[in-house]
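Engineer: With the sequence up front, the predicted model follows.
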Amino acid sequence: MYVVTHAVVFTMLPAGIIMAVRDREKTVRIIKRFTEILFRIVGKDITVSGMGNFKHGKRYIIVANYPSFYAGFALMKLFPNVSVVVHGFVSKVPLFGKFLERIGTIFVDPKKMKDSIRSIDTGIGEAHESGSIIIFPEGHRTPDGVMQRFKHGFIYMLRHGSFDLLPVTLNGFYRLKPVKRLYIDPDAEPEVVIHRPINSSEICKMSDTELLESTVATIKSVYTP
């Protein structure tokens, strides 16, 4: 099933690249349809709680743990009108990298900090009025189901843009498809938990350490692999 989902994704990409032009509404429809088909193939409905914490028209840095290949697609399904921060090597993947580039993805590389900061600054600047940004501060998928150390990139984004912070916990996705397994667990129950946001006025009163520790504690508080 995992191989089938990859085949469908890469079959759809050429059409997606052609259609994903500067027309934002068209791009949002493409992303929504794309992710719906992906999870339909996997045969999984995603349980969502706390959706009322996401307010349309607000700008968020959406921070989540990174348990699986499907994590990013799950959040793009719920929040299609967003940009996503991903590792720079993904931009080199044939077709997929081009598709992500067209939909406004922010590419970063921890080994090239100046280029990464420039990319983030550009992404923040280009985020339209109601735009939000998804980021996985662990930087890579967990190899064992345990949440990894969060990097500080999301804090930089909060300090340099007028965003609220929206913590999100992704449950069951590690069981669905961990990084070192080729097949999907049919008994997995993927769930997205959207926590109470921290608004920009609260963020200004918090130190970087407080922001980091609060975000990690919130996401970890209900996490199950």
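Structural biologist: Done, it's in.
Engineer: ok, longest strand in this protein?
Structural biologist: strand 164-171 (DSSP state E).
Engineer: Tell me the helix or strand right after that strand.
Structural biologist: Helices and strands here follow DSSP states H and E; after strand 164-171, the next one along the chain is helix 173-176.
Engineer: how far is that following helix from where the chain is centred?
Structural biologist: 16 Å (CA atoms, centre = their mean, to the nearest Å).
Engineer: Which element is encountered next along the chain beyond it?
Structural biologist: Next along from helix 173-176, by DSSP H and E: strand 191-194.
Engineer: Point out the other helices and strands that that following strand packs with.
Structural biologist: Packed against strand 191-194, as judged by 3 or more CB pairs under 8 Å, 6 or more residues apart in numbering; DSSP states H and E, are the following elements: strand 47-49, helix 71-78, strand 164-171. To be clear about C-beta, it is placed using only N, CA and C from the backbone, and glycine gets the same treatment.
Engineer: got the residue ranges for the helices in the protein?
Structural biologist: 2-19, 24-42, 71-78, 96-102, 113-126, 153-159, 173-176, 200-204, 208-220 (DSSP state H).
Engineer: what's the closest non-adjacent residue to residue 157?
Structural biologist: Using CB to CB, 6 or more residues apart in numbering and skipping the chain neighbours, the partner closest in space to residue 157 is residue 61 (5.2 Å).
Engineer: for residue 211, same thing?
Structural biologist: Closest to residue 211 by CB to CB, 6+ apart is residue 155, at 5.4 Å.
Engineer: One more: residue 148?
Structural biologist: Per CB to CB, 6+ apart, closest to residue 148 is residue 138, 4.2 Å.
Engineer: same thing with residue 216?
Structural biologist: residue 150 (5.5 Å).
Engineer: about what we covered before: pick out the shakiest of the helices of the chain, pLDDT-wise.
Structural biologist: The weakest mean pLDDT among these belongs to helix 2-19, with a mean of 52.
Engineer: can you pull the contacts of residue 75?
Structural biologist: 62, 64, 82, 84, 134, 168, 170, 192 (CB atoms under 8 Å, 6 or more residues apart in numbering).
Engineer: Turn the residues you listed into CSV, columns for pLDDT and neighbour count.
Structural biologist: Formatted as CSV, the contacts of residue 75 follow (pLDDT from 0 to 100; neighbours: other CB atoms under 10 Å):
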residue, pLDDT, neighbour count
62, 97, 26
64, 98, 25
82, 86, 21
84, 90, 24
134, 95, 25
168, 98, 25
170, 98, 27
192, 98, 22
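Engineer: closest to residue 145 out of the helices of the chain?
Structural biologist: For residue 145, the closest of these is helix 173-176, at 4.6 Å, according to CB to CB.
Engineer: which strands and helices sit next to the closest one?
Structural biologist: By 3+ CB pairs under 8 Å, 6+ apart, helix 173-176 packs against no helix or strand.
Engineer: hmm, who's touching that helix?
Structural biologist: 42, 44, 67-68, 70-71, 74, 142, 145, 184-185, 187-188, 190, 225.
Engineer: export that helix as PDB, just CAs?
Structural biologist: Output in PDB follows, covering the C-alpha atoms of helix 173-176 (Å, rounded to 0.1, in the frame of the first residue of the first chain):
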ATOM      1  CA  PHE A 173       1.100   8.200  12.500                       C
ATOM      2  CA  TYR A 174       4.200   6.400  13.800                       C
ATOM      3  CA  ARG A 175       2.300   3.200  14.100                       C
ATOM      4  CA  LEU A 176       0.700   3.800  10.700                       C
END
